[in-house]
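Engineer: Below are the sequence and a predicted model for it; my questions follow.
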Amino acid sequence: MMDVILGRGAVSFFDMEVQAFRIAVDATSGIMTRLIQQADEELFRQRDRSRYEVIEKRSREVDTMFGGTLRFKRRYYLDRATGDRVFLLDEALALPGRARHSPGLRALSVKLATSGSYRQTRDAIEQMVGARVMSHESVRQHVLTTGKVLEHLGRETAAQPQ
């Protein structure tokens, strides 16, 4: 990447921004995975040993709202009191069983899918990235510009012989 930045190839600010975002997502995924595994370890140590017997560790993948997929292992227990098999970690984190998407990602997707105004979109993006990064007018301008580009591409495609 540095060779490209130093003039040995073409790179745009957008390319750098996307690369930096991917690095941040990877770092965040690593941190989240370690935190989850530490929580599973703590639950293992603090569990009621007479009630919960460890059966095995199982893998799980969860897509998150920061764009990464968390891959982690957590302990699967037999609850001797009820006879049920449970993931204490999933219960402690309020992570629905077999859900592929994190609660945050689900909430974000619903919000974005139902937002109907530029202000709502601005607010949704603010919630996503943790700071107000654009105004509602900027959102409007981006929508208008994108519409013009798509309209132009549509005319070009229609003019091409099939």
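Structural biologist: That came in fine, so what should we check first? Numbering: from 1, shown residues only.
Engineer: switch to C-alpha atoms for all contacts and neighbour counts from now on
Structural biologist: OK.
Engineer: Mind checking the pLDDT average for stretch 121-135?
Structural biologist: Averaging pLDDT along stretch 121-135 yields 71.
Engineer: tell me how far the ends of it are from each other?
Structural biologist: End-to-end distance of stretch 121-135 (Cα to Cα, to the nearest Å): 10 Å.
Engineer: Which positions in the lengthiest helix in the chain come out as buried?
Structural biologist: Using DSSP state H, we find that the single longest helix of the chain is helix 13-46. Using 16 or more other Cα atoms under 10 Å as the test for burial, helix 13-46 gives 25-26, 28-30, 33, 36-37, 39-40, 44.
Engineer: go on, stretch 87-98?
Structural biologist: 87-90, 95.
Engineer: Equivalent analysis for stretch 64-78, please.
Structural biologist: Quick answer for stretch 64-78 (16+ other Cα under 10 Å): 64-66, 68-70, 72, 74-78.
Engineer: farthest pair in those residues?
Structural biologist: Phe66 and Leu78 (33.1 Å; Cα to Cα).
Engineer: hmm, back to that, among the buried residues of stretch 64-78, name the ones in strands.
Structural biologist: 69-70, 72, 74-78 (DSSP state E).
Engineer: Name the SS class of Arg58, please.
Structural biologist: Per DSSP: H, G, I helix; E, B strand; the rest coil, the secondary structure class of Arg58 is strand.
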